[in-house]
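J.: pasting a predicted model and its sequence here:
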Amino acid sequence: MNTLFLRKITPQSSPFPWVQLLRKLPLSTFRRFPTSQATQFLFPAAILQRFLPKMKRYLNTYLHTDIRNSVEHFYVLIDGYCRNGEIIRAVELLEGMKTNGPAPDIVTYNTLINGFCKFGDVFTARKLTGEIFLVNLEPNAITYTTLIDAYCKIQCVEDALSMYDEMTVKGLVPDVVTYSCIMNGLCKSGKVEEAKSVFREMEEVGVVPNHFSYATLIDSLFKEGNAAFQGQMVVREVVIDVVVYTALMDGLGDVNKGELLLQEMEEKCVSPNVVVYSSIVDGYTKKGLLNEAKNVMKKMVQRNISPNVFVYGTLIDGYLKAGRQGIALDLFQEMKSVGLENSFVIDSFVNNFKRSGRMEEANELLKAMMSRGLVPDRVNYTSMMDGFFKVGKELDAFNMAQEMTEKSSGFDIVAYNVLINGLFKRGKYESETFYTGMRELGLAPNSATFNTMINAYCKEGNLGNALKLLNEMESYALKPNSITRNILVQRHCAAGEIEKTMDVLNDMLVIGFHPTPTTHKAVLDASSSKSRRADAILCIHNRLLGMGLELNLSTCNTLISTLCRLGMVRRATLVFKDMMGKGISPDIITYNALIQGYCLSSHLKNAFSVHSQMLTEGVFPNVETYNILLRGLSAASLIKDAAGLVNQMKERGLIRNADTYDTLLSGHGKIGNMKECIKFYCEMITKGFSPKTSTCNVLISCFSMGTKMSQAKELMREMQLRGIPPNSSTYDILICGWYRLSKQPGLSKSLKRSYQSEAKRLFEEMNEKGFIPCENTLAYISFALAEPGKKVDAQRILNKLYKKKVK
């Protein structure tokens, strides 16, 4: 056998002092051991502590002939070499056995096959089975099981099943290990139903499943929402060990059940490991229950189970996403104190800073970590580069790229795609330069590379270059994917080029891509903005169906929503009846679309009829349903009738959101119900919602109409403190309010002057922000400036208005 390709660097010497001492002893020392003692003591030492070279010499030179000719000791030595990574020596030993004896048996071959499989060379392991036949031996169940396991681990499930078939044809009976390996491979390949079939076959032939068999299926079935096998384990008295509990914990998805499972483990004296606790910490963190997650970590420490990088990383990421950076930093400091600092956690901090555009802080953190000896990896550098590009700091991004090439392992295609994306967004389209750079780095563009460049050209309206790149993909043996298609469809749709969109979709049909619900929505949205005719929209819908678009609930909802948005509720109702006739049951999205359509067309009675129909059909309304109905009442100035809807929401356990409060506040404001406006505004703020500018304008208008301008002024100041930007309407309402107040009879001259000065100040501020005043505002300003002594002010303001092109 050619073994040159197997040569590796011999591992370093053992760190154990007593082994170093043994290595220095002369071989004659070992003659003092009786033969049986030598074989029982020295061979395990050889295997576990890499004492192989001296043991081989001992075997060849000093041991009795009966031991030297014993095949058992040779396969122990072969196993030791394989475990030690010195597989070349194991092969040489096998070759020596074939030449000088003793003749290798099936165990010897199985040992070497297992070594190759562990080494990742399944191909050579498979070739060894052919050699077995040449020396008049037969592969046994262990041979096949070893190969099946190896094939499954590299996700070559078809090859594993082929070995299984060969095994059964030869009359060999698979055992529980064989079946478990196959089930594990099938589950990891997403073929859970086939794994269940293998499980049933195992039962039919009388092989009793063990804990690993169940753990494999439990893990996969939980991910599919099925948890039927735990009960079978209890009935069959299969011991549920920490492996099974870990699978259960990982699959439950319910942290409360996870805690109960942890309690059950303790009652059954099964010690939970760090993986079990990690699952609970992860579960709590995903649900936002960070304090509970942290308490689990404290419990780990109390039980002498050290939290690992994953536990710390999960908690830190959770606290960062929740905006609680202080606690995240404390955890990070704790991590560092126990020597668990790593690049994975750094990336959590970098991503947090990146989300809020605080790249300077991210850079400072990276430098601080490097000063402590931590070397950032390619992922950290790529994330930093991406962040700098997103905040427009191109030079810093380039510096990060340069540092990555000097201190890390250089660019990969992901990092290069980030670079291309950043530069293309800055308007630097030099695709040929990018290709040259990639070739120099030994990289080949992938679909993401082309999608990035195609998207950039499309955004600039340069569809010619985008299509040219589409053709270039073929030269790299790449095919456009769904992202490529969506980019081109979206850009053509944005340009209102419906027929070109359809041409792109026709081209995609050739390579096997059919329109999806996302494509359908994009095309219908574009069609509805270009043509408000129902027949044109239905024509496009039918053409997409002809291209292979699946008629399902999603596509029907899109069509109904589009028609309702345009006020074509009658046509939408026909589509609704047609989908029902085809067996497609409507959902909450369908009913909400119809309710909104009727509200927009001022048919409130029909809207409430649809609401009643959905309740009859067993479809329960959501918050959006009630918000749509409330907006309908508000538009019709019937918000006083909203009390019944608000009570229904409360009875159904639906919590009002910001839109609910905006609608209620605006509705009451329109009818001048100041008391209700203030009530809902205070309730909204108390619950942490931020009102829209338009909502604040309604309340300001209420104050203004009631001559309560000091409250209106205070509300505008509060808007600015809360980060709610005033718009032109805000200024119009306030300016008109102050001028109306200045015209009140019986005012002193000083008060009148003060009110008009406030109006002028607001008017100038409005102009500085680029807002265009409305006609009422201009009328009030004109009357004020027409008074005696206001000529200079009038001329100055008039010049500003001409610059703004206000006529």
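T.: Good, I have the coordinates.

J.: state the mean pLDDT of the helix or strand harbouring Ile142.
T.: Counting by DSSP states H and E, the element that carries Ile142 is helix 141-153. For helix 141-153, mean pLDDT is 89.

J.: and it, what's buried?
T.: The neighbour-count criterion (16 or more other Cβ atoms under 10 Å) identifies 141-153 as the buried residues of helix 141-153. No exception for glycine: its C-beta is placed from N, CA and C like everyone else's.

J.: what about Gly171, how many residues nearby?
T.: Gly171 has 6 neighbouring residues, counting by other Cβ atoms under 10 Å.

J.: kindly report the same for the one 4 residues further on.
T.: Around Asp175 there are 14 other residues, counting by other Cβ under 10 Å.

J.: list phi and psi for it.
T.: The phi/psi pair for Asp175 (degrees, to the nearest 10) reads phi -110, psi -170.

J.: could you verify my assumption that it touches Ala141?
T.: Yes. Using Cβ atoms under 8 Å, Asp175 is in contact with Ala141, at 6.4 Å.

J.: helices or strands next to whichever helix or strand Glu95 is part of in the packing?
T.: Assigned by DSSP H and E, Glu95 belongs to helix 87-100. Where contact means 3 or more Cβ pairs under 8 Å, 6 or more residues apart in numbering; DSSP states H and E, helix 87-100 is packed against helix 71-83, helix 106-119.

J.: what about 10 Å?
T.: helix 52-61, helix 71-83, helix 106-119, helix 122-134 (3 or more Cβ pairs under 10 Å, 6 or more residues apart in numbering; DSSP states H and E).

J.: report the angle between the axes of that helix and helix 71-83?
T.: 160 degrees (axes from the mean of the first three to the mean of the last three Cα atoms, to 10 degrees).

J.: for helix 87-100, buried residues please.
T.: In terms of neighbour count (16+ other Cβ under 10 Å), helix 87-100 has its buried residues at 87-94, 97.

J.: for the protein, longest helix please?
T.: Selection of the longest helix in the chain by residue count, based on DSSP state H, yields helix 749-768.

J.: off-centre distance for it?
T.: Offset of helix 749-768 from its chain centre (Cα atoms, centre = their mean, to the nearest Å): 52 Å.

J.: what is that helix packed up against?
T.: Where contact means 3+ Cβ pairs under 10 Å, 6+ apart, helix 749-768 is packed against helix 709-721, helix 728-742, helix 775-785, helix 791-803.

J.: if you count neighbours, what's buried in the first one?
T.: Same thing as helix 709-721. Within helix 709-721, the residues scored as buried using 16+ other Cβ under 10 Å are 709, 711-713, 715-716, 719.

J.: what's next to it, contact-wise?
T.: When contacts are defined by Cβ atoms under 10 Å, 6 or more residues apart in numbering, helix 709-721 is touched by residues 678, 681, 685, 690-691, 693, 696-697, 699-706, 708, 724-726, 730-731, 733-734, 737-738, 740-742, 755, 758-759, 762.

J.: excluding chain neighbours, give the residue nearest to Gln596 in space.
T.: Leaving aside its sequence neighbours, Gln596 sits nearest to Ile628 (Cβ to Cβ, 6 or more residues apart in numbering; 4.9 Å).

J.: from Lys582, how far off is the one you found?
T.: Using Cβ to Cβ, to the nearest Å, Ile628 is found at 26 Å from Lys582.

J.: neighbour count winner among those two?
T.: Neighbours per residue, other Cβ under 10 Å: of Ile628 and Lys582, the larger number sits with Ile628, 24 against 10.

J.: which SSE is the more buried one in?
T.: Per DSSP H and E: helix 623-635 holds Ile628.

J.: ok, Val575 next?
T.: Going by DSSP H and E, Val575 is in helix 569-581.

J.: excluding chain neighbours, what is closest to the residue most central in space within the chain?
T.: Geometric centre of the chain, nearest residue: Lys286, 12.2 Å, by Cα atoms, centre = their mean. Distances taken as Cβ to Cβ, 6+ apart place Gly318 nearest to Lys286, at 7.9 Å, with adjacent residues excluded.

J.: pretty sure the one you found contacts Met297?
T.: No. Contact criterion Cβ atoms under 10 Å: Gly318 and Met297 do not qualify, at 11.4 Å.

J.: identify the contacts common to those two.
T.: Listed contacts common to Gly318 and Met297 are 281, 284, 331; contacts here mean Cβ under 10 Å, 6+ apart.

J.: out of these, which are inside helices?
T.: Using DSSP H, the shared contacts of Gly318 and Met297 in helices are 281, 284, 331.

J.: residues of stretch 306-315 that come out buried?
T.: 307, 310-315.

J.: what's next to that stretch, contact-wise?
T.: 274-275, 277-286, 290, 293-294, 296-298, 300-301, 305, 327-328, 331-332, 334-336, 338, 340-348.

J.: can you give me how far that stretch is from the chain middle?
T.: Chain-centre distance of stretch 306-315: 19 Å, with Cα atoms, centre = their mean.

J.: the chain should start at 165 in everything you say after this.
T.: I'll keep to 165 as the first residue from here, and by that count the last item is stretch 470-479.

J.: considering the buried residues of helix 873-885, which is situated nearest to Gly808?
T.: Using Cβ to Cβ, the shortest approach to Gly808 within the buried residues of helix 873-885 belongs to Leu879, at 30.0 Å.

J.: follow-up on the earlier one: for Gly482 and Met461, indicate the residue with more neighbours.
T.: The neighbour comparison of Gly482 against Met461 (other Cβ under 10 Å) goes to Gly482, with 25 against 22.

J.: tell me the pLDDT at the more buried one?
T.: Looking at Gly482, its pLDDT stands at 83.

J.: ok, it - contacts?
T.: By Cβ under 10 Å, 6+ apart, the residues touching Gly482 are 445-446, 448-454, 457-458, 488, 491-492, 495, 512.

J.: what's the answer for Met548, then?
T.: Met548 sits next to 510-511, 514, 517-518, 523, 526-527, 529-530, 540, 560-561, 563-565, 567-568, 582 when contact means Cβ under 10 Å, 6+ apart.

J.: what secondary structure does it sit in?
T.: helix (DSSP: H, G, I helix; E, B strand; the rest coil).

J.: tell me the pLDDT at it?
T.: Taking Met548 on its own, its pLDDT is 85.

J.: if we can go back for a sec, now the buried residues of helix 305-317 in TSV, with distance to Leu915?
T.: Below are those laid out as TSV (distance: Cβ to Cβ, whole Å):
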residue	distance to Leu915
Ala305	102
Ile306	102
Thr307	103
Tyr308	100
Thr309	97
Thr310	97
Leu311	97
Ile312	94
Asp313	92
Ala314	92
Tyr315	91
Cys316	88
Lys317	87
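
J.: returning to that earlier point: counting neighbours, which of the ones in helices among the shared contacts of Gly482 and Met461 comes out on top?
T.: Val445 (28 neighbours).

J.: is it true that that residue touches Glu456?
T.: Yes. With contacts counted by Cβ under 10 Å, Val445 reaches Glu456, the gap being 9.1 Å.

J.: average pLDDT across the helix holding Glu259?
T.: Averaged across helix 251-264, the pLDDT comes to 84.

J.: now the angle from it to helix 286-298?
T.: Using the same axes, to 10 degrees: helix 251-264 against helix 286-298 is 10 degrees.

J.: so helix 251-264 versus helix 270-283, what angle?
T.: Counting by the same axes, to 10 degrees, helix 251-264 lies at 160 degrees to helix 270-283.

J.: centre of the chain to helix 251-264, how far?
T.: 50 Å.

J.: just to revisit the earlier point, the contacts of Met548, buried ones only, as a ChimeraX selection?
T.: Typed into ChimeraX, the line below selects the buried ones among the contacts of Met548, using 16+ other Cβ under 10 Å:
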select :510,511,514,517,518,523,526,527,529,530,540,560,561,564,565,567,568,582
